[in-house]
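Participant: with the sequence up front, the predicted model follows.
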Amino acid sequence: MQQNYLKHPGLRIFICILFDSFFVANAEIILDAGVVSYDPKSGIIVADGDVRVVQNLENHKTRELYAETVRYNRKTGQIKLIGEAIMKEPNGDIFSARNMSLEKGFKDAIAEALVVVLKDFSKIKSEKGEKKSNLYVFENVSYTPCKENACSAPLWDLVAEKTTYDRAEKKFVHKNVKLRIKGKPILFSPYFEHPSFDVKRKTGFLTPIFRKSSDIGFLSGFPFYIAISPDKSLKITPFINSRRRAFASTEYKQLFPNADFLLSASFLEKGKNKLPKKSSVEVSKMTEAEKAKEEAKRRDKRTRWHIDTIIKSHELDNKRITLRFNRSSDMTYKAKYPVEHIRGHEDFMKKKYNDSGIIMDFYDKNYFLTTDMHMYQTEDKATAPMICPHINFNARREAFYGEISFDSDTLCLGRNEKKSDMLAERFFRSSNTLRWQKSANFAPFLLDVNSAFRADTFNASKTESAKSVQKTFPVFENQVALSLPYMSKIRLNGNTSIWAPKVSFTSVQTSTKRIKIKQREDSVFDNFSDLNLHAINRFGGYDSIERGERVSAGFENSIYNSKRRWLNFYVGRFFAISQDTDERLKGRDKFVGRFVVKPIETLSFRMRFVGMPIFENSRQFEMGVNGGYGKISAGASYLYDRKINYVEERGVSQLGLHCGYKINEFWKISGTQILNLLPHGGKHTLAHSIFANYTDECFALDIGSYRRNFKYKDIKPHTGIILTIHFKNLGNFIHSGKRNLYNEGIGTVE
């Protein structure tokens, strides 16, 4: 047999083969070897000595082969890699084997002692592997995304008799498979299927939920995610619970061309053991506390449910529409059972209502109109309010060398029964304001002038005094504000400082009868807004007003640098000039302020206040500090709110503490505690918890316990345990989908 030999140490020979029976069309092959021999009669090319074969494909992609010896038969189109061989696929997968045979342009392959490293560094080991286009078949295989070393087994792996990896369908199918933890088998299944790492949405099971509470017992949920289509999805979560009551939740999402739709619902079956019904005589002998306790027991035995559906429009010309229907069997069900936040533990503190309604916005460059209707569900059905309509309109135009604006806000509220003088059975309020505003720049000063005429109309019926109130009052408001914004460079580290002192004079004139009308439930108290010290209607609310003249002065300074370490503070004071003797106008807040500083990356401090401590009575105060050093992180926060809003029953004074310690690269422990400094007869410790977290490249574990001392209706103080286990690629949680509507995880199908 005649052979042509080309021998030279380190010799490189470049062979370009076009339209070859083995290689794909127009694919250039580059062969690099120490020694190459070619037999024209048999058509066999043999390359020896650190052989490297590169196949250049379309889109600048390449396929590479490395072997001790490469034997290529041009007649049969077969190529053999002899000895330790490596093949790098264009998609990022790497194949290594003792011997490997390739056919049909690398589409088919057979190998022994095969190891495959996928693009996400998941590893597959098998005694024998076969590749047919996009279908990979392995025998006596182990699969793991965990790191390995020669001294120990991976944290977890799957060992199967046979595994099929369909790259086109992006899924793995294992037969007679075992789940091993550190080499020890703990679970067996004759069949198991899971998606590959690059799947973002796929039908299947999500990571299960485990939690145990002394109040509701043991709960284990198994979410099943159904990817109906690219714009539709459904998640169903059946729960197994120790109370033997059927409990499940569901969530449906759909994208429309101009709207998003979301529906969530849950159902809890009626309790098996009914409480004996008490006679009227027994009920009459019970105290109020005993009656409340009895009602809580009976509520927990009833059938309970919730439904919450919302439609939001988008990409509509000059309008937005939001529809929502939100109802539940009672107001404590969603707080007690994990129907919405099934992976966390929500505290039931303030929201004791459900809101259903419609909101429509219409806008242009010169106007904005919002009209909405709300139907509320509360514990007291007789006094649950219905608002229809609530209309807010704003229009602006340039006129009289300034800007003319018109604001109108109208609200109609009704309920079945009155509750107090502040919660009337029927309430109508309309406030209409015509304002002229002019800004002028007199360097370096900025002057801002406001003048407004406002008309307030009230109609409150069936109050405790049995007298209807129906009045219209004119209100005149004027304000002049002068500011001096100034920017400077600080020599130290090239920081930038922005100074902005501001002084304003405000005059509000109205009748004494107007000021005597009490504030009602639609008033909005938001003095934590840092700017409303200089607002004309500083205290918010359309039936709340100040009278007379006042001067406001404030000062703000901000310092920034390139490392995002900065300081910002603002402080202002309000001075009443008019000598008004009305007791209701006394004791108003005179100081507001904000302070935030971050001197280093791992330390920050914040403070806000309405009513400066020490100098005067505080109405709202908040402060907090967060920091870390090495492996330790800690923080503390304090909140005080006197709650002068009439619909709130009591104030809040709470201290929160949290700390964490990173034990090593993988383990972290953390603890939190909330102290209630105004217990109102309850416990000082509102809640506390401790959690441990383990995270590495292939596994995550969260386990912890918590104690909640809340007590409301059938919500009791309770202790709970939460456990979440996550195996990478057996239930990932990759956020994906248009407009973030589909933030679901990858499922596993059994």
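Facilitator: Now that the structure is in, tell me what you want to look at.
Participant: if Arg594 is in a bridge, with which residues?
Facilitator: Per DSSP bridges, the residues bridged to Arg594 are Tyr570, Arg608.
Participant: is it true that it touches Gln620?
Facilitator: No: counting by CB atoms under 8 Å, Arg594 does not reach Gln620; the two are 11.7 Å apart. (C-beta placed from N, C-alpha, C; glycine too.)
Participant: per-residue pLDDT, Ala160?
Facilitator: The confidence metric pLDDT takes the value 92 at Ala160.
Participant: between Arg594 and Gln620, which contacts overlap?
Facilitator: Residues touching both Arg594 and Gln620 (CB atoms under 8 Å, 6 or more residues apart in numbering): Arg608.
Participant: look up the closest residue to Pro257, ignoring the ones flanking it.
Facilitator: Once flanking residues are discounted, Pro257 sits nearest to Glu315: 7.9 Å by CB to CB, 6 or more residues apart in numbering.
Participant: coming back round to it: quick one: which of Arg594 and Gln620 has more around it?
Facilitator: Between Arg594 and Gln620, Gln620 has the larger neighbour count (other CB atoms under 10 Å), namely 22 against 17.
Participant: mind checking how far Ile722 is from Ser213?
Facilitator: 9 Å (CB to CB, to the nearest Å).
Participant: quick one: the helices in the chain?
Facilitator: 280-285, 288-301, 333-336, 512-516 (DSSP state H).
Participant: ranking those helices by burial, who's on top?
Facilitator: With neighbours defined by mean count of other CB atoms under 10 Å, none of these is more surrounded on average than helix 333-336, at a mean of 22.
Participant: list the buried residues of stretch 433-449.
Facilitator: By 16 or more other CB atoms under 10 Å, the buried positions in stretch 433-449 come out as Thr433, Arg435, Trp436, Leu446, Asp448.
Participant: correction: stretch 698-714
Facilitator: So for stretch 698-714, counting by 16+ other CB under 10 Å, buried means Cys698, Phe699, Ala700, Gly704, Tyr706, Arg707, Arg708, Asn709, Phe710, Lys713, Asp714.
Participant: how about TSV for those, with distance to Asn258 and pLDDT added?
Facilitator: Output for the buried residues of stretch 698-714, formatted as TSV (distance: CB to CB, whole Å; pLDDT from 0 to 100):
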residue	distance to Asn258	pLDDT
Cys698	42	82
Phe699	42	83
Ala700	38	84
Gly704	43	89
Tyr706	43	86
Arg707	47	87
Arg708	42	83
Asn709	47	82
Phe710	42	76
Lys713	41	78
Asp714	42	78
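Participant: dump these into JSON lines; add distance to Lys278 as well.
Facilitator: Output for those, formatted as JSON lines (distance: CB to CB, whole Å):
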{"residue": "Cys698", "distance to Lys278": "57"}
{"residue": "Phe699", "distance to Lys278": "53"}
{"residue": "Ala700", "distance to Lys278": "50"}
{"residue": "Gly704", "distance to Lys278": "40"}
{"residue": "Tyr706", "distance to Lys278": "35"}
{"residue": "Arg707", "distance to Lys278": "32"}
{"residue": "Arg708", "distance to Lys278": "30"}
{"residue": "Asn709", "distance to Lys278": "29"}
{"residue": "Phe710", "distance to Lys278": "27"}
{"residue": "Lys713", "distance to Lys278": "18"}
{"residue": "Asp714", "distance to Lys278": "17"}
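Participant: determine which two of those are furthest apart.
Facilitator: Cys698 and Lys713 (44.0 Å; CB to CB).
Participant: residues touching the residue lying closest to Ala109 once chain neighbours are set aside, list them.
Facilitator: Nearest residue to Ala109, sequence neighbours excluded (CB to CB, 6+ apart): Lys131, at 4.1 Å. Residues near Lys131 by CB under 8 Å, 6+ apart: Phe95, Lys107, Asp108, Ala109, Ile110, Val137.
Participant: from those, list just the buried residues.
Facilitator: For the contacts of Lys131, buried by 16+ other CB under 10 Å: Phe95, Ala109, Ile110, Val137.
Participant: and the third one, what does it touch?
Facilitator: Okay, so that is Ile110. Met100, Ser101, Lys128, Gly129, Glu130, Lys131.
Participant: please redo it, this time with the cut-off set to 7 Å
Facilitator: Ser101, Glu130 (CB atoms under 7 Å, 6 or more residues apart in numbering).
Participant: cool, and the last one?
Facilitator: Contact analysis of Val137 by CB under 7 Å, 6+ apart lists Glu130, Thr164.
Participant: cutoff 8 Å now
Facilitator: Per CB under 8 Å, 6+ apart, neighbours of Val137: Gly129, Glu130, Lys131, Lys162, Thr163, Thr164, Tyr165.
Participant: and the fourth one, how many residues sit next to it?
Facilitator: Going back to what we said before, that points to Lys162. Count around Lys162 with other CB under 10 Å applied: 15.
Participant: relative to Ala113, how far out is it?
Facilitator: As judged by CB to CB, Lys162 and Ala113 stand 17 Å apart.
Participant: equivalent analysis for the last one, please.
Facilitator: Tyr165 sits 18 Å away from Ala113, taking CB to CB as the criterion.
Participant: so between these two, which is more surrounded?
Facilitator: Between Tyr165 and Ala113, Tyr165 has the larger neighbour count (other CB under 10 Å), namely 24 against 15.
Participant: show me what contacts the closest residue to Tyr367 other than its chain neighbours?
Facilitator: Spatial nearest neighbour of Tyr367, chain neighbours left out: Ala395 (4.2 Å); criterion: CB to CB, 6+ apart. Going by CB under 8 Å, 6+ apart, Ala395 touches Asn366, Tyr367, Phe368, Ser405, Phe406.
Participant: ok, the third one - how many residues close by?
Facilitator: This means Phe368. 15.
Participant: contacts only, for the closest residue to it other than its chain neighbours.
Facilitator: Excluding its sequence neighbours, the residue lying closest to Phe368 (CB to CB, 6+ apart) is Asn394, at 4.8 Å. Neighbouring residues of Asn394 by CB under 8 Å, 6+ apart: Tyr367, Phe368, Leu369, Ser405, Phe406, Asp407, Ser408.
Participant: report the two of the residues you listed separated the most.
Facilitator: Farthest apart among those by CB to CB are Leu369 and Ser405. That separation is 13.7 Å.
Participant: quick revisit: which of the buried residues of stretch 698-714 sits closest to Ala455?
Facilitator: Nearest member of these to Ala455, counting by CB to CB, is Lys713, at 43.5 Å.
Participant: name the nearest residue to that closest one, ignoring sequence neighbours.
Facilitator: Residue nearest to Lys713 in three dimensions, not counting chain neighbours: Thr332, with 4.8 Å by CB to CB, 6+ apart.
Participant: quick one: the one you found and Asn241, what's the gap?
Facilitator: 17 Å.
Participant: the two: who's more crowded?
Facilitator: Using other CB under 10 Å, the more surrounded residue of Thr332 and Asn241 is Thr332, with 20 against 17.
Participant: so the more buried one makes contact with Tyr712?
Facilitator: Yes: with contact defined as CB under 8 Å, Thr332 reaches Tyr712; the gap is 6.6 Å.
Participant: including mean pLDDT, could the helices of the chain go into JSON lines?
Facilitator: Putting the helices of the chain into JSON lines (pLDDT from 0 to 100) gives the following:
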{"stretch": "helix 280-285", "mean pLDDT": "70"}
{"stretch": "helix 288-301", "mean pLDDT": "72"}
{"stretch": "helix 333-336", "mean pLDDT": "82"}
{"stretch": "helix 512-516", "mean pLDDT": "74"}
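Participant: enumerate every residue touching Ile228.
Facilitator: By CB under 8 Å, 6+ apart, the contact list for Ile228 reads Leu234.
Participant: that one and Ala111, how far apart?
Facilitator: 39 Å.
Participant: number of residues surrounding Asn392?
Facilitator: Using other CB under 10 Å, Asn392 has 16 other residues around it.
Participant: could you list the low-pLDDT ranges of the stretch 601-750 of the chain?
Facilitator: 612-617, 643-651, 679-682, 729-750 (pLDDT under 70).
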